[in-house]
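> Let me see the structure of the following:
(2 chains, ligands or ions: 1)
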Amino acid sequence: MSVTVRVPSAMRKLTHGRAELEAEGATVRELLDHLGAGNPGLVGRIMGDDGDVREFLNVFVNGADIRYEDNLDTPVSAGDEVSIVPSIAGGAAPPG
Amino acid sequence: MSDTGQGTGTAWGDAAPRELHLAAGLAAALVDEASVAGDEEVCGLLVGRRETDQSRVARTVACTNAAPEGRRQTRFEIDPRCLIEEERVARGSGEEVVGFYHSHPAGDPIPSPVDRTYMGLWPGMVWVIVGARALAMRGRVRAWSFDPGREVVPREVRIESARGESGMAERPITRDP
Ligand SMILES: [Zn+2]
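Below you'll find the predicted structure:
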């Protein structure tokens, strides 16, 4: 059984055009490790060199932001939906 | 801004279509929404169909401005859950989120440096900005997108009347204060 990972159109060049991927793993980190083999560019966009989620990238598990859960160690189980969403923001002032 | 990952930017996205088609009623509604919000920025999603040369907006979806209170005059943040939910609604319909909109309550509809940074995270998306000052729709509602390799470029906004005529609307906006 696997977990569905949804990718926005803006990132589909990194997934060979696919909007959703199936991945195996018990945590978000394990999913990304599993996906990394076939989609190294995608995982590089999600995680920085420090191994954390990039500052302007959000990962949601069933609608919950993993920053408010256990970050990359947030558990996942079969049938869960993971969404990758770059930040959508802007403004005249620098972000705080 | 640190670590936006834009170092790999040119390779991971397609350019947005050259034109954005927007019904006059939708354009007017965006201007109204921005006016009603006063000095705070509004923001939301553009949902429709993406074709080779154009994106056609079928509807707009307002999202709460999730920026901290007191900062929304110069800042907007769309809660990712607004996008996730709308993509769920649109799935299988042939429609998709083709862009985002926000307003500049005190300025022109030109992307700020901060806007441009975030636009770089979304190649292929059209960003509509509703400005404050211009009297005609043409100058008030403008569109931009991040063109991989070329940075932020303007996109033509075609405002279409209910009769299906295509063209750039020049009528004055009468609901301004
Ligand atoms: Zn802006």
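
> Can you give me every residue that contacts the residue in chain A that the ion sits nearest to?
At 4.2 Å from the ion, residue A:90 is the closest residue in chain A, using Cβ to the ion. C-beta coordinates here come from the backbone N, C-alpha and C atoms, glycine included. By Cβ atoms under 8 Å, 6 or more residues apart in numbering or on different chains, residue A:90 lies in contact with B:75-76, B:102, B:111-112, B:114-115, B:117-119.

> Could you list which of those residues belong to strands?
B:75-76, B:102 (DSSP state E).

> how near is residue B:19 to residue B:29?
20 Å (Cβ to Cβ, to the nearest Å).

> which parts of chain B sit against the ion?
Counting by Cβ under 5 Å from the ion, chain B comes close to the ion at B:112, B:115.

> Residue of chain B closest to the ion, please.
residue B:115 (4.0 Å).

> okay, that residue: pLDDT?
If you check residue B:115, the pLDDT there is 96.

> and residue A:25, helix, strand or coil?
Classification of residue A:25 using DSSP: H, G, I helix; E, B strand; the rest coil returns coil.

> I'd guessed it sits against residue A:5; true?
No. Contact criterion Cβ atoms under 8 Å: residue A:25 and residue A:5 do not qualify, at 9.9 Å.

> who touches residue 26 in this structure?
Defaulting to chain A. Residue A:26 neighbours (Cβ under 8 Å, 6+ apart): A:75-77.

> that's the other chain; I wanted chain B
B:57, B:59-60.

> Give me the contact status of the worst-scoring helix or strand of chain A on mean pLDDT with chain B.
Among the helices and strands of chain A, helix A:40-46 carries the lowest confidence by mean pLDDT, DSSP states H and E, at a mean of 91. Yes. Helix A:40-46 is in contact with chain B by Cβ under 8 Å from any Cβ of the partner chain, via A:41, A:44-45.

> Of those - the most surrounded one?
Among the residues of helix A:40-46 next to chain B, the one with the most neighbours (other Cβ atoms under 10 Å in any protein chain shown) is residue A:45, at 21 neighbours.

> if I look at that one, how far off is residue B:71?
With Cβ to Cβ as the criterion, residue A:45 and residue B:71 are 27 Å apart.

> Tell me the spacing between residue A:58 and residue B:143.
Relative to residue B:143, and taking Cβ to Cβ, residue A:58 is found at 24 Å.

> For the residue most central in space within chain A, identify the helix or strand it belongs to.
Residue closest to the mean C-alpha point of chain A, counted by Cα atoms, centre = their mean, is residue A:84 at 4.0 Å. Residue A:84 belongs to strand A:81-86 when assigned by DSSP states H and E.

> what about the helix or strand hosting residue B:157 and chain A, touching?
Assessed by DSSP H and E, residue B:157 sits inside strand B:151-160. No. Applying Cβ under 8 Å from any Cβ, one finds strand B:151-160 out of contact with chain A, separated by at least 11.3 Å.
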